[in-house]
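fold the following for me, if possible:
(one chain, ligands or ions: 1)
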Amino acid sequence: MVHFVGAGPGAKDLITLRGKELIEQADVIIYAGSLVNPGLLDYAKAGCEIHDSSRLNIDEVIEIIRAAEKNGLMTVRLHTGDPSIYGAIREQMDILEAQGIAFDVTPGVSSFCGAAAALNMEYTLPGITQSVIITRMEGRTKVPEKESVEALAAHGATMVFFLSAGDTERLSKRLIDSGVSEDIPCAIVYKATWPDEKKVICSLKDLPEKAKEEGITKTALIIVGRAVAQTGYEMSKLYDPGFTTEYRKGKNADA
Ligand code: SAH
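Numbering: from 1, shown residues only. This is a model prediction of the structure:
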């Protein structure tokens, strides 16, 4: 059996309990060495076979899994953050399915949640936005035209850009050219929840300069939107003293 496990954003104690238990039981671990904290491998049992997938192609990954299956061994495939986001797990699962190898998925804390925590930030502020757009600029992987930076920016929601820190110049320019205010606040969070985490809040026009100053070109998220300022929002209805919910009666409420 193969368990796809979300390793969390970086800090070793931000994996789920289930994920940690699976690592402890694993006979074979294939982890994404470019982004997964190697400290998580300390949870592995003695004698566990460990492979860094950043040095492997998909055929080699599958071959390791097949060999483990033949010997009745359990494999953990450890992916950074949550495996459902830019995790390239579907292609692995399809091959396993075709070969009759059983698998399941254990979620993880995505780096966009780690970055919000680093900034003490709420993405969905009432009165500002109720949506978060998770996206990226195209690289070798194409982005559908309807999901271009320009098209998505039109919504005015909080935008979180993965895999785009290598060209903040272009990102900032494209957003501004599409009509986003150059003064809108944005944040760049490098290695959220790792010991060497860095975070900067600035205006969209200053983003490229700040990224350069900090030497950030990868392993970072760029968050753009009015919510980044964390001010000017409306109070929630959820905790409004005058508001009745399913769980509590509001002050001065009739029923
Ligand atoms: N599945 C992962 C994302 C993998 S794509 C998740 O849920 O987080 C890899 C990209 O994720 C990186 O280029 C970077 O943009 C982002 N990333 C991963 N870990 C990060 C971290 N700790 N801090 C900031 N960005 C991170």
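
any idea how far residue 130 is from the closest residue to residue 127 other than its chain neighbours?
Using C-beta to C-beta, 6 or more residues apart in numbering and skipping residues adjacent in sequence, the residue nearest residue 127 is residue 234, 3.5 Å away. All C-beta spots, glycine's among them, are computed from the backbone N, C-alpha and C. Separation of residue 234 from residue 130 (C-beta to C-beta, to the nearest Å) stands at 11 Å.

and the residue nearest to residue 127, how far from the ligand?
29 Å (C-beta to the nearest ligand atom, to the nearest Å).

contact partners for the residue nearest to residue 137 when sequence neighbours are not counted?
Closest residue to residue 137 apart from its sequence neighbours, by C-beta to C-beta, 6+ apart: residue 164 at 4.3 Å. Shown in contact with residue 164 (C-beta atoms under 8 Å, 6 or more residues apart in numbering): 136-137, 171, 222.

inside helices: which ones of these?
In helices, defined here by DSSP state H, the members of these are residue 171.

so which bits of the stretch 151-255 of the chain are right by the ligand?
Residues of the stretch 151-255 of the chain lying close to the ligand (C-beta under 6 Å from any ligand atom) are 162-163, 189, 191-194, 218-221.

most neighbours among those, which one?
The residue in these with the most neighbours, by other C-beta atoms under 10 Å, is residue 189 (29 neighbours).

C-alpha coordinates for the host helix or strand of that one, PDB please?
Assigned by DSSP states H and E, residue 189 falls within strand 185-190. The C-alpha coordinates for strand 185-190 follow below in PDB (Å, rounded to 0.1, in the frame of the first residue of the first chain):
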ATOM      1  CA  PRO A 185      -0.700  45.800  -0.400                       C
ATOM      2  CA  CYS A 186       1.000  42.600  -1.100                       C
ATOM      3  CA  ALA A 187       3.200  40.200   0.900                       C
ATOM      4  CA  ILE A 188       6.000  37.900  -0.100                       C
ATOM      5  CA  VAL A 189       6.600  35.100   2.300                       C
ATOM      6  CA  TYR A 190       9.700  33.000   1.900                       C
END
